[in-house]
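J.: Sequence plus predicted model, see below.
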Amino acid sequence: CPVDLDATIIASDGSTTREAFHADPDAPIDCFYIYPTVSEQQTGNANFTIDHDLTLTIEQQFARFGGRGRLFAPAYRQVTISALKAMFAKKPIPMSYDLAYADVLAAFLAYLSNDNHGRGFVLVGHSQGALHLARLVREQIDGKPIQGQMVSALLIGEALPVKADAEPALVFPHTPLCRTNDQVGCVIAFSSFRAETPPAAGTLFVKAPEGMHAACANPAVLDGGSGGLDAYLSASEAPVWTDPPRPIDTPFVKVPGILNAQCVVNGQVAFLAVSRDASANGPRAKDIKGDLPDWGLHLIDMNLTMGNLLHIVGDETRAYLAQ
């Protein structure tokens, strides 16, 4: 994780400033991360090889949490992209989510035994990573003594069902959705789609049983409504970020004021609706990349909300330590 995480902030007038990233060597909590489906290996389950795609994903989704906690990011034998493609094509190849979860569980138990020493921790997972961490919370944490050390769980890009109109919205029997920035022991979960292209019922990341819908806690404003996204976007997500073009020599870019988000619930469908304020563009890029057919903005769920999530984790940590 010691990689360049500096960001170029592009103001509405097109001017740029550099935001330097600094890890916290004295971070008081830990962050335990399980990465999404990134392996291009041709088998159903990956091996433990740490390749370029995995390293890049860590850089995009997790390394910045080094400003809030000590980082733990175990490799695991995940279900691969090849296996998912084969499944969607109805030509499945042998694969095992149980094998992948067994690795995640073993890594977490090893972390508790060897590294935790009673510290608070934040779970961070995206897509397949969130799927495995959700099972971990359900089977190993929820309602058990160790839950007292869970500062929060960020389970992004995976449909976690909650009862419609239930308050508090319990993702697990003893673990609610986060509704304030200083709430401890709660879950933040959502899947992001463009507001103008909402998902259909039954879409993978919003699919929920009858009478339920996917959890949605908006990191921009946890207690509801619309709020601005503090996004850290990959500099490669737009060919030109300003007009006229200005050189960008950082791996990340921020465009304050352009992106907003609001949780939308419509029957069994619930998602984080991301909208662009075109009036705030000025000489900045008019759009962002990250779309996949039927998957919305799944590829950049974490990038879109990174600054908001880090702010929340900071507030939660202070509340946890005060307890």
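T.: Looks like it arrived, so ask away.
J.: I figured Ala164 was touching Met212, is that so?
T.: Yes: Ala164 is within contact range of Met212, at 6.2 Å (criterion: C-beta atoms under 8 Å). Where you see a C-beta, it was placed from the backbone N, CA and C, and this is true even at glycine.
J.: Need the residues touching each of these two.
T.: Common neighbours of Ala164 and Met212 are listed as Gln268 (criterion: C-beta atoms under 8 Å, 6 or more residues apart in numbering).
J.: Next, the buried residues of the top helix by length along the chain.
T.: Secondary structure of the chain read by DSSP state H shows that its longest helix is helix 301-322. Buried residues in helix 301-322, counting neighbours by 16 or more other C-beta atoms under 10 Å, are found at 301-310, 312-314, 316-317, 319-320.
J.: Now do the same for that helix: mean pLDDT, whole number.
T.: Helix 301-322 carries an average pLDDT of 98.
J.: Could you do stretch 59-77 as well?
T.: The average pLDDT for stretch 59-77 rounds to 97.
J.: for stretch 193-210, same thing?
T.: The average pLDDT within stretch 193-210 is 91.
J.: Run through who's touching it.
T.: Defining contact as C-beta under 8 Å, 6+ apart, one finds that stretch 193-210 is touched by 157-159, 161, 191, 213-214, 262, 264, 266-275, 291, 294-298.
J.: Over to stretch 262-275?
T.: Contacts of stretch 262-275 (C-beta under 8 Å, 6+ apart): 164, 190-196, 198-201, 203, 205-208, 210, 212-218, 224-227, 229, 259-261, 296-297, 304.
J.: Helices - which of those residues land there?
T.: Mapping the contacts of stretch 262-275 onto helices (DSSP H) picks out Leu304.
J.: Buried only: go through the contacts of stretch 193-210 for me.
T.: For the contacts of stretch 193-210, buried by 16+ other C-beta under 10 Å: 157-159, 161, 191, 213-214, 262, 264, 268-274, 291, 295-298.
J.: right, and Thr16 touches Ile9 too?
T.: Yes: counting by C-beta under 8 Å, Thr16 touches Ile9, with 6.6 Å between them.
J.: Which residue is the nearest non-sequential neighbour of Asp182?
T.: Ala319 (4.0 Å; C-beta to C-beta, 6 or more residues apart in numbering).
J.: Please work out the average pLDDT along stretch 84-93.
T.: Stretch 84-93 comes out with an average pLDDT of 94.
J.: Okay, buried residues for that stretch please.
T.: For stretch 84-93, burial by neighbour count (16+ other C-beta under 10 Å) applies to Ala86.
J.: Now do it: everything it contacts.
T.: 37, 43-44, 82-83, 95.
J.: between those residues, which is nearest Lys144?
T.: When those are ranked by distance to Lys144 (C-beta to C-beta), Thr37 comes first, at 28.4 Å.
J.: contacting residues around the nearest residue to Phe62 once chain neighbours are set aside?
T.: Distance criterion C-beta to C-beta, 6+ apart; nearest residue to Phe62, sequence neighbours excluded, is Tyr33 at 4.5 Å. Going by C-beta under 8 Å, 6+ apart, Tyr33 touches 58, 61-62, 65, 71-73, 123-125, 129.
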